[in-house]
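**Student:** fold the following.
(one chain, ligands or ions: 1)
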Amino acid sequence: MGIMGSRPTGSATGLGVHDVAHAFGARTALAGVSFSVVPGVITGLLGPNGAGKTTLLRVLLGVLTPDRGTVTHDGRAVDTEDRRSWGYMPQERGLYPAMPAGEQVVHFGRLHGLGRRDAVDRARTLLDELGLGERWSDRTDKLSGGMQQRLQLATALVHGPDVIVLDEPFAGLDPVAVENLSHTLRRRAAQGCVVLFSSHQLDLVQDLCEDIVMVDHGRTVLEGDVATLRTATGERQLRVLVRTEDRSWLGRVPGAVVVSDDADGLRLALSPGTDALAVLDAARAAGRVEDFGLDLPTLSHLFLRAAGREAS
Ligand SMILES: Nc1ncnc2c1ncn2[C@@H]1O[C@H](COP(=O)(O)OP(=O)(O)OP(=O)(O)O)[C@@H](O)[C@H]1O
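**Tutor:** Below you'll find the predicted structure:
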C-alpha cells in the first residue's frame, strides 16, 4: 500500500484509472493501478525505466486493451470518440521528416477537423509559444531533436484538447526547452485542462508537478499532492557553509546528521522536530556562516523511500 497525499482520489471530474492490470506473457507490466487526474492540476506519472508508465498511457489512450481495469472521464467510461478529441504526445516521434514545421502542425489541425485558416492561425500561435516561430518554413528533419519534440507537442495541442497526455515530454530537452514546455503545460492546466505526463526524471519535474502518481514494478508506491508529500515526512536538509575547520559544534545539536561535508559546505539531515534555526545558531557560534538553505526531501528521495530501495 502506498503513502497517499492530501488530495481526495476517486473524484468524478477528470480522468480516472481504475485497477488497471496488464501482463505481456509472463511479465507483469501493471499489477492493478488506480489514480485520478483532476482538471487544472498538472499530474506527473513518475517511476524508473520499466515501471509501467508507457503501458499505462497506452491503456489510457486505448492503444492497448488491458487484462483488467477501466478508464473514465468525468465518471463515464471513455470511448474512441472521447479519445479522438484528446491531445497525445507519444514517446516515439510521429512527424513527417520532409514537411515544413508549420505545415506539419496545420496538417494535424486539419485531421482534427479544423478549417485551414483556423489551423494556420492556431499553428502560428503555438509555434510562437513554443519558441519555434522562426522555424515555420524549415523542414522538420532540419530541426534539432529538442525542437522536433516541441513540434510534436504543437501537433498534439493544435486542436485545443481539454485532455492532454504526454509520454516523457522532457526527455532530451535542454533547460530552456524544459522551462518552455513547462510553461505551456501550466497554461493549459490553468485553463482547466486535464494534464498528465510521464517522466523517469523525478527531480527535473518536481517543481512542475502538483500531483504525482509514482509507480514501480507496475504498482503505485506513492500518490498525491507533491507539496504535502514533500512536507509530510517532517524531514529537512540544512545546507550550511561555515568558515571553520572545527566540527565540534555538531556534537551540541541533536537531530542533525552529516550527509556530506565538502567545498559547498555541510549538508545535514534534520530529523522531524529538529529546530533548524537552533542548528544554524550553533553553526554561527562556531564560525562565520556564508551561505545556508533549508531543503525539503526531493522526489527521488521520496521514491527511494516509498519503493524500499534506499539501500541500493
Ligand atoms: N510490447 C511489449 N512486449 C513485452 N513486454 C513489454 C512490452 N511493452 C512493455 N513491456 C514490459 O512491460 C514493463 C513496463 O514497460 P513500460 O514501457 O510500460 O515502462 P516505462 O515505465 O514506460 O519505462 P521507460 O521509462 O523505460 O519508458 C517492462 O518490463 C517492459 O519490458
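**Student:** quick check: residues of this protein near the ligand?
**Tutor:** 24, 27, 29, 47, 49-55, 200 (CB under 6 Å from any ligand atom). Using the backbone N, CA and C atoms, a C-beta is placed for each residue, glycine as well.
**Student:** drop anything exposed from those residues.
**Tutor:** Applying a neighbour-count criterion of 16 or more other CB atoms under 10 Å, the buried members of the residues of the chain next to the ligand are 29, 47, 51-55, 200.
**Student:** contacts only, for the residue of the stretch 151-300 of the chain found nearest the ligand.
**Tutor:** Per CB to the nearest ligand atom, His200 is where the stretch 151-300 of the chain lies closest to the ligand, at 4.3 Å. Contacts of His200 were listed using CB atoms under 8 Å, 6 or more residues apart in numbering, and they are 46-49, 51, 53, 168, 171.
**Student:** next, count neighbours for Asp216.
**Tutor:** One way to gauge burial is a neighbour count; for Asp216, by other CB atoms under 10 Å, it gives 20.
**Student:** phi and psi next, for it.
**Tutor:** Its backbone dihedrals place Asp216 at phi -150, psi 130, with angles given as degrees, to the nearest 10.
**Student:** which residue packs closest to it, ignoring adjacent ones?
**Tutor:** Nearest residue to Asp216, sequence neighbours excluded (CB to CB, 6 or more residues apart in numbering): Ala307, at 4.5 Å.
**Student:** which residues touch the one you found?
**Tutor:** Contacts of Ala307 were listed using CB under 8 Å, 6+ apart, and they are 214, 216, 221.
**Student:** my guess is the last one meets Val215, correct?
**Tutor:** So that's Val221. Yes. Judged on CB atoms under 8 Å, Val221 makes contact with Val215 at a distance of 6.8 Å.
**Student:** from the ligand, how far off is the closest residue to Val38 other than its chain neighbours?
**Tutor:** Nearest residue to Val38 in three dimensions, chain neighbours excluded: Gly14, at 4.6 Å (CB to CB, 6+ apart). Remark: distance between Gly14 and the ligand (CB to the nearest ligand atom, to the nearest Å) = 22 Å.
**Student:** next, Gly14: phi, psi?
**Tutor:** Summarising the backbone geometry of Gly14 under the convention degrees, to the nearest 10, its torsions are phi 90, psi -170.
**Student:** how about His18?
**Tutor:** Backbone dihedrals for His18, given as degrees, to the nearest 10, come out at phi -120, psi 110.
**Student:** and it, bridged to which residues?
**Tutor:** Listed by DSSP bridges, the beta-bridge partners for His18 are Thr70.
**Student:** go ahead and confirm it touches Thr70.
**Tutor:** Yes. His18 is in contact with Thr70 according to CB under 8 Å; the separation is 4.9 Å.
**Student:** which of the residues in stretch 79-94 are buried?
**Tutor:** Of the residues in stretch 79-94, those scored as buried under the neighbour-count criterion (16+ other CB under 10 Å) are 82-83, 86-90.
**Student:** among those, which lie within strands?
**Tutor:** The members of the buried residues of stretch 79-94 that map onto strands under DSSP state E are 87-89.
**Student:** residue contacts, Pro97?
**Tutor:** 139-141.
**Student:** what about the residue lying closest to Gly87 once chain neighbours are set aside, how many residues nearby?
**Tutor:** By the measure of CB to CB, 6+ apart, the closest residue to Gly87 outside its immediate chain neighbours is Pro161, 3.5 Å from it. Here the number of neighbours of Pro161 (other CB under 10 Å) works out to 18.
**Student:** for the spatially most central residue of the chain, name its beta-bridge partners.
**Tutor:** Closest to where the C-alpha atoms of the chain average out (CA atoms, centre = their mean) is Gly44, at 3.6 Å. With beta bridges defined as DSSP bridges, Gly44 has these partners: Phe197, Ile212.
**Student:** make 791 the starting number, not 1.
**Tutor:** From this message on, residue numbering opens at 791, which makes the last subject Gly834.
**Student:** relative to Thr1023, how far out is it?
**Tutor:** For Gly834, the distance to Thr1023 equals 18 Å [CB to CB, to the nearest Å].
**Student:** what do you get for Leu956?
**Tutor:** For Leu956, the distance to Thr1023 (CB to CB) stands at 29 Å.
**Student:** and if you look at Thr945?
**Tutor:** As for Thr945, its distance to Thr1023 is 40 Å (criterion: CB to CB).
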